[in-house]
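*Asks:* When you get a sec, could you give me coordinates for this:
(one chain, ligands or ions: 1)
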Amino acid sequence: MDRIKIAGGQPLRGTIPISGAKNAALPLMIASLLTEDRLTLKNVPNLADVNLLARILRNHGVDHSVDGKRAGPVPHLGETFHFTARDIVDTTAPYEMVSRMRASFWVLGPLLARLGVANVSLPGGCAIGTRPVDLHLEGLKALGAEIDIEAGYVVAKAPRGLRGTRITFPKVSVGATHNVLRAATLAQGETVIENAAREPEIGDVAECLVRMGAHIEGIGTSTLHVQGRTRLEGATHTVLPDRIETGTFACAVAATGGDVVLEGARRPLVEATLAALEKAGVTIEDVDGGIRVARNGAAIAPIARIETEPFPGFPTDLQAQLMALMTKAHGTSIIRETIFENRFMHVQELARLGANIQLQGDQATITGVKRLNGAQVMATDLRASVSLVIAGLMAEGTTTINRVYHLDRGFERLEAKLSNCGAQIERITG
Ligand code: EPZ
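*Replies:* Model prediction:
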């Protein structure tokens, strides 16, 4: 199993290209199931999760090809993928696949809407919490689907097609909004989705669906109006930049000191994160084609208190990275996790490096220490893993991170991007 070795203490200086967003690329790929025509996606990041989902879609009968290779004239732009779901040969998403990647559960809505039938394995729990799917199922039932749970599978049928309706989610859910929105594009009549998630990745998918011929109003707001169509067409769409990768590298620069331009990053996607970093004493500046992040000499100020929230609030996917930064702040910070019940797996690992963090329920109190010391640590999930990379970059001595396959699921060329800016980081394979 690969490990990552970091010799900490080097400030980051240079440019880091921001990749296409994983959490937009995955649902965009799934949108290809809604049409028999070709969907072309540009700026797709080269990630383990993307490659696994491509395999899952091929299992359903989707034709998938990739254009040439990366490194075109604009270095931060990723690969171009083509998907054609002309003949869907299999409407089952098996446990072996869905348990490896939760987002593959999201094929449920599109398969049901287009073919009137889908058998999709329940995803089960995961490292960050129980993560139920009741909101997905209630939303699809409201659209007229008959749903049973049999042997761990969601068996969904809509023999006469789905019918538009008004759905008010009792809780904001990114995945349920994706699933119901895509299904509604092929339902009969109008669907209104209230309390929809407003994450930019949902807006990106909605814009792609509009290019495919869907009628959607209210994109970017919490109320989406969808006029169902009998068919959608092919389209070409460019995946938006990854706001979580942007925030992660911004935290890394804040943590190590230095001066880096995050190329391709867009401020409206990361306002809450940048505001938190500015409070911590980091300089943020819009520059041509990206965002400049710098901390030259100034100490890290504690952020007092922050809570994770649905967009546009501070994202749960950056909670661990901000916590890593706060381990060396001059004072005490409080971070409350409100989205997932068990997303503090990084706390014990950060403690191995000398961090002082007290956990009480959904709240972590971080008392800054003068220095972290390198140690062996274990990656537990994607964002927790990258928080250990940030801590390793801040620590004195050598940090070795085990089980880094978690990182490969969501960070493209992480070591190369950091070492190009002066970090001493290497992967040890095997
Ligand atoms: C998406 O997960 C993201 N995944 C997550 O990113 C992200 O952390 C999360 O949204 C929140 O922003 C992808 O985009 C692939 P939710 P999702 O449904 O859709 C509860 C990463 O590291 N809930 O918005 O699964 C749920 O338990 C990943 O890239 C229900 O109760 O998240 C949670 O407490 C990790 N019933 C809350 O809602 C449901 O039916 C928000 O979950 C669905 C969700």
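*Asks:* The residue in the stretch 51-200 of the chain that the ligand sits nearest to - how many residues pack around it?
*Replies:* Proximity to the ligand, evaluated over the stretch 51-200 of the chain using C-beta to the nearest ligand atom, is greatest for Gly175 at 2.8 Å. C-beta: built from backbone N, CA, C; applies to glycine. Other residues near Gly175 come to 22 when the count uses other C-beta atoms under 10 Å.
*Asks:* Verify the contact between it and Ala103 for me.
*Replies:* Yes: using C-beta atoms under 8 Å, Gly175 is in contact with Ala103, at 7.4 Å.
*Asks:* got the residues of the protein near the ligand?
*Replies:* 23, 26, 102-103, 129, 131-136, 171, 173-176, 197, 316-317, 339-340, 382-383, 410 (C-beta under 6 Å from any ligand atom).
*Asks:* where does the protein have low pLDDT?
*Replies:* Within the chain, the segments meeting pLDDT under 70 span 68-77, 124-126, 129.
*Asks:* where do the helices sit along it?
*Replies:* In the chain, the helices defined using DSSP state H lie at 22-31, 48-60, 95-98, 108-115, 134-142, 174-184, 200-211, 243-256, 271-279, 319-326, 345-352, 382-394, 405-410, 414-419.
*Asks:* Now do the third one: which elements does it pack against?
*Replies:* If I follow you right, that is helix 95-98. Counting contacts by 3 or more C-beta pairs under 8 Å, 6 or more residues apart in numbering; DSSP states H and E, helix 95-98 packs against helix 48-60, strand 117-121.
*Asks:* The longest one vs helix 22-31, what angle?
*Replies:* The reference is to helix 48-60. Put simply, helix 48-60 runs at 10 degrees to helix 22-31, going by axes from the mean of the first three to the mean of the last three C-alpha atoms, to 10 degrees.
*Asks:* how far is helix 48-60 from where the chain is centred?
*Replies:* In terms of C-alpha atoms, centre = their mean, to the nearest Å, the centre of helix 48-60 is found 16 Å from the chain centre.
*Asks:* Dump the C-alpha coordinates for it into CSV.
*Replies:* Taking C-alpha atoms only, helix 48-60 is exported to CSV below (Å, rounded to 0.1, in the frame of the first residue of the first chain):
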residue,chain,number,x,y,z
ALA,A,48,-9.7,7.0,-8.7
ASP,A,49,-13.4,7.9,-8.1
VAL,A,50,-13.9,9.2,-11.7
ASN,A,51,-12.3,6.1,-13.2
LEU,A,52,-14.4,3.8,-10.9
LEU,A,53,-17.6,5.6,-11.9
ALA,A,54,-16.6,5.3,-15.6
ARG,A,55,-16.4,1.5,-15.0
ILE,A,56,-19.7,1.4,-13.3
LEU,A,57,-21.3,3.3,-16.2
ARG,A,58,-19.7,1.0,-18.7
ASN,A,59,-21.4,-1.9,-16.7
HIS,A,60,-24.7,-0.3,-17.4
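*Asks:* by contact count, what packs against it?
*Replies:* Taking 3+ C-beta pairs under 8 Å, 6+ apart as the contact cut, helix 48-60 packs with helix 22-31, strand 63-67, strand 92-93, helix 95-98, helix 405-410.
*Asks:* Pull the residues that contact it.
*Replies:* 22, 25-26, 29-30, 32-33, 44, 64, 81, 83, 85, 88-91, 93, 97, 100-101, 103-104, 107, 111, 405, 408-410 (C-beta atoms under 8 Å, 6 or more residues apart in numbering).
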